[in-house]
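Asks: A structural model of the following input is requested.
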Amino acid sequence: MSTRIAFLKGHGTENDFVIVPDPDNAVDLPATAVAALCDRRAGIGGDGLLHVVRSAAHSEAQAMAAEAEWFMDYRNADGSIAEMCGNGVRVFARYLQRAGHVEAGDLAVATRGGVKRVHIAKADARGAAEVTVSMGRATLPEEQATVTVGERNWPSLNVNMGNPHAVAFVDDLAHAGDLYTPPPVTPATVYPDGVNVEFVVDRGPRHVAMRVHERGSGETRSCGTGACAVAVAAARRDGADPAVTGTPVTYTVDLPGGTLTITEHPDGAIDMTGAAVIVAEGEITSEWLETISV
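Replies: Got it, this is the predicted structure:
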C-alpha cells in the first residue's frame, strides 16, 4: 500500500530546498534518496534538503531538546550531511511558522552547528517573511590556503561559521569560473573535510558581492554561512573588528539570488537577515523513495 510523504519547496535568496516534515523522525532518508529528491531533472530539485524533526526524536539533537524543540537535519544536494546552512535555517523557520508550529517572533532551532536563535517577522502577501538568524561567532583558524581557478590563484582567509569557508577577494567574479567542480585549495590539509569557497568583489563601502561553491552542492544562488564568512573577512581586511572598536559592523552582501544583511557585534555574535519563502507543497510516494534508496 502506498504511503504519501509530504514535502514542500522553499528558498532563501534563491538558495532552494526540499523540505520534508517528519516530527517523529520516521522517514528514512539515506544519501541516495536525498540526492534523488534534490535532482533538478528526475526529482523535485534543490540545493539541499531540510529534514524537519523534533529534537527529542533525533539522536544527534536530543541533548538540545530542552533548548530547541525543532532540529534541522540538513543534507547537501549530494546526500552528504552538513553542520549548518544559514539560508536553510531561515527557510526552516519560515516553514515552522507557515505550518503553525511557531508564531512570528523569537525561535530556537537545533542544528549540528549548535542551537541558532531566530527572529521571524510576519509573512507578507507573497508568503515571504524576513528572518534574522543569530549565526553564532566566527573563528579564524591560523592555517591559510591558496585558491586556484585555471591559471589564477589567490590567498584566502580561513573563516569557520560552524562549517569551513575559504574567502578569496578577486577583481572580477567571472574569474571564479563555472564552479561546477570544487576549486582546488592548497594545501588540502587545511580543510580535511572539504570547504565552501567564496569569491568576493567590492561594490562600495561595506558592500560586497560574491559567488560561492558549496561543498556537496556546487555553485548555489546564495549561501548564508558564506555571506557571514565574507562579511567577517571583509571587515578584517578593512580593519573593522567590532571586538576591538566596540562598535557593530554591518555589510551588505549581494549574491546571485538576492541580498543579505550581515551584522557582527562586539561580542562576536553575527546576525544574518534576509527573506525566506515557501513556494510549493505536495506529496511523494514511499515506493519511489524505496526504489531510489536501493
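Asks: Just after the helix or strand containing His51, pick out the following helix or strand.
Replies: Per DSSP states H and E, His51 falls inside strand 48-54. Next helix or strand after strand 48-54 toward the C-terminus (DSSP H and E): strand 70-76.
Asks: Quick check: mean pLDDT of that following strand?
Replies: The pLDDT scores in strand 70-76 average 96.
Asks: Just want the angle from it to strand 48-54.
Replies: Relative orientation of strand 70-76 and strand 48-54, computed by axes from the mean of the first three to the mean of the last three Cα atoms, to 10 degrees: 160 degrees.
Asks: Which elements pack onto strand 70-76?
Replies: helix 31-38, strand 48-54, helix 86-98, strand 105-111 (3 or more Cβ pairs under 8 Å, 6 or more residues apart in numbering; DSSP states H and E). For glycine as for every other residue, the C-beta is placed from the backbone atoms N, C-alpha and C.
Asks: Just say which of those is most tucked in.
Replies: Of all those, helix 86-98 has the most neighbours on average by mean count of other Cβ atoms under 10 Å, namely a mean of 27.
Asks: How far off centre is that one?
Replies: Chain-centre distance of helix 86-98: 11 Å, with Cα atoms, centre = their mean, to the nearest Å.
Asks: now stretch 151-165
Replies: So, by Cα atoms, centre = their mean, the centroid of stretch 151-165 is 16 Å from its chain's centroid.
Asks: Buried ones in it, by neighbour count?
Replies: Trp154, Ser156, Leu157, Asn158, Val159, Asn160, Met161, Gly162, Asn163, Pro164, His165 (16 or more other Cβ atoms under 10 Å).
Asks: distance of Arg90 from Val279?
Replies: Using Cβ to Cβ, to the nearest Å, Arg90 is found at 14 Å from Val279.
Asks: closest one to Met210 among the helices and strands packed on strand 70-76?
Replies: helix 86-98 (13.1 Å; Cβ to Cβ).
Asks: looking only at pLDDT, what's the mean for the closest one?
Replies: Here the average pLDDT along helix 86-98 is 94.
Asks: Helix or strand with the lowest mean pLDDT in this protein?
Replies: helix 286-292 (a mean of 80; mean pLDDT, DSSP states H and E).
Asks: Tabulate the CA atom coordinates of that helix in CSV.
Replies: C-alpha atoms of helix 286-292 as CSV (Å, rounded to 0.1, in the frame of the first residue of the first chain):
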residue,chain,number,x,y,z
SER,A,286,7.1,5.7,-0.3
GLU,A,287,7.5,3.3,-3.3
TRP,A,288,9.5,5.9,-5.2
LEU,A,289,11.7,6.5,-2.2
GLU,A,290,12.2,2.8,-1.6
THR,A,291,13.2,2.3,-5.3
ILE,A,292,15.8,5.0,-5.3
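Asks: Who are the packing partners of it?
Replies: Using 3+ Cβ pairs under 8 Å, 6+ apart: helix 286-292 touches strand 4-12, helix 31-38.
Asks: low pLDDT regions in this structure?
Replies: Along the chain, segments meeting pLDDT under 70 span 1-2, 293-294.
Asks: How is it partitioned into domains?
Replies: 4-135+277-292, 146-267 (automatic domain parsing).
Asks: Just want to check the distance between Asn25 and Val109.
Replies: 16 Å.
Asks: how about the helices in the stretch 101-250 of the chain?
Replies: Residue ranges of the helices in the stretch 101-250 of the chain, as given by DSSP state H, counting those that start in this stretch, are 224-237, 242-245.
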